[in-house]
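K.L.:
Just a sequence and a predicted model for now, questions to come.
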Amino acid sequence: NAGVMQNPRHLVRRRGQEARLRCSPMKGHSHVYWYRQLPEEGLKFMVYLQKENIIDESGMPKERFSAEFPKEGPSILRIQQVVRGDSAAYFCASSPSGQGINSPLHFGNGTRLTVT
Amino acid sequence: GENVEQHPSTLSVQEGDSAVIKCTYSDSASNYFPWYKQELGKRPQLIIDIRSNVGEKKDQRIAVTLNKTAKHFSLHITETQPEDSAVYFCAASKGYNFNKFYFGSGTKLNVKP
């Protein structure tokens, strides 16, 4: 049973370019979360999605950042016109659906974005 | 919204000693509390969790306690080993349909051999 798959593992972009980060949740999981982690810091919530639906994007910057989780295919976190401050590790996590059940998050290995 | 605070930010212990990491939360509706371990350059991995209907849970050298009245929970690691060295994160969640997690700021544990 494959875990949460993220790609690429490392991504280098020049200022002003676009970054696309992909995440395939664990099999059977329909909830996807994106977190950002700066060096030596904690996990900051960005966005929470179900298939074709954004549940909570309160942690995502209003400009340049967008996320989607289409009916088919992986979840995509898109950062337009990247700046140096976007350099961070971006972790995707997934959990199964289930009313009345709290389930742990399972994290992918992250995408380390470096903006030069 | 929920606010999770975690202490200490760094913790250094001698191999074989115990380590305790504490977290507090603000939303009394939170009902699920996982702990994650993150080694350098790797993904956070779940090590233990506790639900609000339980006061304590143990798994070998790791235990978690929950005090709902005081709204705090703690991670206890006994007989620490160098491979326990990592950053540990606590989290709180209150979702049913929507399972949003709030993380503490992390504790860097260093176990000295």
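P.N.:
Received it, and whenever you're ready, just let me know what you need. Numbering: from 1, shown residues only, chains lettered A, B, ... in the order given.

K.L.:
Chain B against chain A: which residues are in contact?
P.N.:
Contact residues, chain B versus chain A (Cβ under 8 Å from any Cβ of the partner chain): B:31-32, B:34, B:36, B:42-46, B:49, B:51, B:89, B:91, B:93, B:95-106. C-betas here are computed from N, CA, C, even on glycine.

K.L.:
Narrow the residues you listed to just the buried residues.
P.N.:
By neighbour count, with 16 or more other Cβ atoms under 10 Å in any protein chain shown, the residues of chain B next to chain A hold B:31-32, B:34, B:36, B:43-44, B:49, B:89, B:91, B:93, B:95, B:99-106 as buried.

K.L.:
Can you tell me which of the residues you listed end up in strands?
P.N.:
Judged by DSSP state E, the subset of those located in strands is B:32, B:34, B:36, B:49, B:89, B:91, B:93, B:101, B:102, B:103.

K.L.:
which non-adjacent residue is nearest the third one?
P.N.:
Across the structure, with Cβ to Cβ, 6 or more residues apart in numbering or on different chains as the measure, the residue nearest residue B:36 apart from its sequence neighbours is residue B:44 (3.9 Å).

K.L.:
Show the contacting residues for that neighbour.
P.N.:
Contact analysis of residue B:44 by Cβ atoms under 8 Å, 6 or more residues apart in numbering or on different chains lists A:43, A:91, A:107, B:36, B:37, B:38, B:89.

K.L.:
hang on, residue B:83 in a helix?
P.N.:
Yes. Membership of residue B:83 in a helix is supported by DSSP: H, G, I helix; E, B strand; the rest coil.

K.L.:
Per-residue pLDDT of it, please?
P.N.:
pLDDT, residue B:83: 96.

K.L.:
got it, and residue A:5?
P.N.:
pLDDT for residue A:5: 96.

K.L.:
Can you pull the phi/psi pair for it?
P.N.:
With angles defined as degrees, to the nearest 10, residue A:5 sits at phi -110, psi 120.

K.L.:
contacting residues around it?
P.N.:
Contacts for residue A:5 (Cβ under 8 Å, 6+ apart) come out as A:23, A:24, A:74, A:108.

K.L.:
In three-state terms, label the nearest residue in space to residue A:57 that is not next to it in sequence for me.
P.N.:
Nearest residue to residue A:57 in three dimensions, chain neighbours excluded: residue A:47, at 4.5 Å (Cβ to Cβ, 6+ apart). Here residue A:47 is recorded as strand under three-state DSSP.

K.L.:
which residues does residue A:47 bridge with?
P.N.:
residue A:34 (DSSP bridges).
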